[in-house]
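J.: Below is the sequence, then the predicted model.
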Amino acid sequence: MDRNQWFTEICEEGGSAFSMKIREKLHNEQTPFQRIEIYATEWFGNLMVIDGFVMLTARDNFIYHEMMAHPVLFSHPSPENVVIIGGGDCGTLREVLKHGRVTRVLQVDIDERVTRLAEEFFPELCVSNNDTRADFLFEDGIAWMQAADAGCADVIIVDSTDPIGPATGLYTEEFYRDCHRALGNTGILVQQSESPLFHMDIINPMRKRMRSTGFNDVQTLFFPQPSYPSGWWTATLAGKQLLSETYRGQDAGHSHLQTAYYNAAIHQAALAAPEFFHKALD
């Protein structure tokens, strides 16, 4: 944050930056894993920053959290057991628990302080934390997945930070192989996959690794995310079966979920990839 009260995240690889006007700094701590800062902004509500990178704002997080949860859940024929790797702010958990078919959600995040600070500064994201279907483990998600029982999950959601530092292991072939084993026969994995404008060098290898570890269908969702680099973001789905065959379009179309961004038309539109994306895939 500069002396004029602007917080700026510089995206070196994109040659760009995004700034928010700050009212005050609310919290700052170094956990055993990362530095977490909380700011009150002029227009984006509270802002969480981890190791200098924007994690979420109160104003626009609903887009990301809804797109991480609802497309994958409506793409599974009967999503009952869900595992969230990361997601410590609990916004994705809140969205998952809007689905009545879900009977259990296990959230595995290495840093408990993210969740405790979300409860304090983003309570709207944590309204479902006491849901009896929700369980929390504060440990290494990579190690947990390595030890997970075969077929224990219907859906795995990897709601992680950027692929740097401890999160690098969440983008490896070994991790995707462990996820594939932990999923049932109709299981689906979804992972946030960065900006299509700036990070094709992340998205393309990710898709290749998902396919090489046994997933039969890989699709990337596109959606706006104003406070992330380029303002355009993705999540990538990997299914053991063809996702078009397991998608419950009628359920999505007649859903009474309380959402601000997601609906059945958005789901279908988000799967439409621009031409440069197709051409960039090997």
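T.: On my side now, so go ahead.
J.: Contacts only, for the most centrally placed residue in the chain.
T.: The geometric centre of the chain, computed from its C-alpha atoms, lies nearest to Asp159 (C-alpha atoms, centre = their mean), at 3.2 Å. By C-beta atoms under 8 Å, 6 or more residues apart in numbering, Asp159 lies in contact with 68, 84-87, 92, 192. Where C-beta positions appear, they are placed from N, C-alpha and C, glycine not excepted.
J.: show me the residues around Tyr262 that make contact.
T.: 66-67, 70-71.
J.: Kindly list the main-chain dihedrals of the residue nearest to the centre of the chain?
T.: phi -100, psi 80 (degrees, to the nearest 10).
J.: Same check on the one 3 residues further on?
T.: In terms of degrees, to the nearest 10, the main-chain angles of Asp162 are phi -60, psi 160.
J.: Leaving out the residues flanking it, which one is nearest to it?
T.: Excluding the flanking residues, the one nearest Asp162 by C-beta to C-beta, 6 or more residues apart in numbering is Phe53, at 6.3 Å.
J.: For burial, what's the neighbour tally of the one you found?
T.: Neighbour count of Phe53, defined by other C-beta atoms under 10 Å: 15.
J.: and it, what is it in contact with?
T.: Contacts of Phe53 (C-beta under 8 Å, 6+ apart): 9, 161-162.
J.: which residues does the spatially closest residue to Pro229 that is not a sequence neighbour contact?
T.: Counting by C-beta to C-beta, 6+ apart, Cys11 is the residue found nearest to Pro229 once chain neighbours are left out, at 3.9 Å. Applying C-beta under 8 Å, 6+ apart to Cys11 gives the contacts 17-18, 198, 229-230.
J.: Equivalent analysis for Phe7, please.
T.: Phe7 neighbours (C-beta under 8 Å, 6+ apart): 1, 19-20, 22, 39, 41, 47, 49.
J.: Please identify which of the residues you listed is nearest to Gln30.
T.: Val49 (12.7 Å; C-beta to C-beta).
J.: Thought Tyr39 was touching the closest one, still the case?
T.: Yes: using C-beta atoms under 8 Å, Val49 makes contact with Tyr39 at a distance of 6.9 Å.
J.: These two - which one has more neighbours?
T.: Tyr39 (25 against 21).
J.: average pLDDT across stretch 135-148?
T.: In this model, stretch 135-148 carries a mean pLDDT of 97.
J.: And it, end to end?
T.: End-to-end distance for stretch 135-148, by C-alpha to C-alpha, to the nearest Å: 15 Å.
J.: Just the residues contacting that stretch, thanks.
T.: 83, 85-86, 104-112, 115, 129, 156, 158, 160, 166, 169-170, 175, 178-179, 181-182.
J.: Write the ChimeraX selection for whichever of these are buried.
T.: Buried members of those, defined by 16 or more other C-beta atoms under 10 Å, are picked up in ChimeraX with:
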select :83,85,86,105,106,107,108,109,110,111,115,129,156,158,160,169,170,175,178,179,181,182
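J.: Run a quick neighbour tally on Gly151.
T.: 13.
J.: mind checking which helix or strand the closest residue to it other than its chain neighbours is in?
T.: Among residues not flanking Gly151 along the chain, Gly184 sits closest, at 4.7 Å (C-beta to C-beta, 6+ apart). For Gly184, the host element (DSSP states H and E) is strand 183-192.
J.: Summarise which helices and strands that strand is packed against.
T.: helix 61-74, strand 153-159, helix 173-182, strand 232-239, helix 243-246 (3 or more C-beta pairs under 8 Å, 6 or more residues apart in numbering; DSSP states H and E).
J.: could you give me the average pLDDT of that strand?
T.: pLDDT averaged over strand 183-192 gives 98.
J.: Tell me the neighbouring strands of it, and mark each as parallel or antiparallel.
T.: Strand 183-192 sits in its sheet next to strand 153-159 (parallel), strand 232-239 (antiparallel), going by DSSP bridges.
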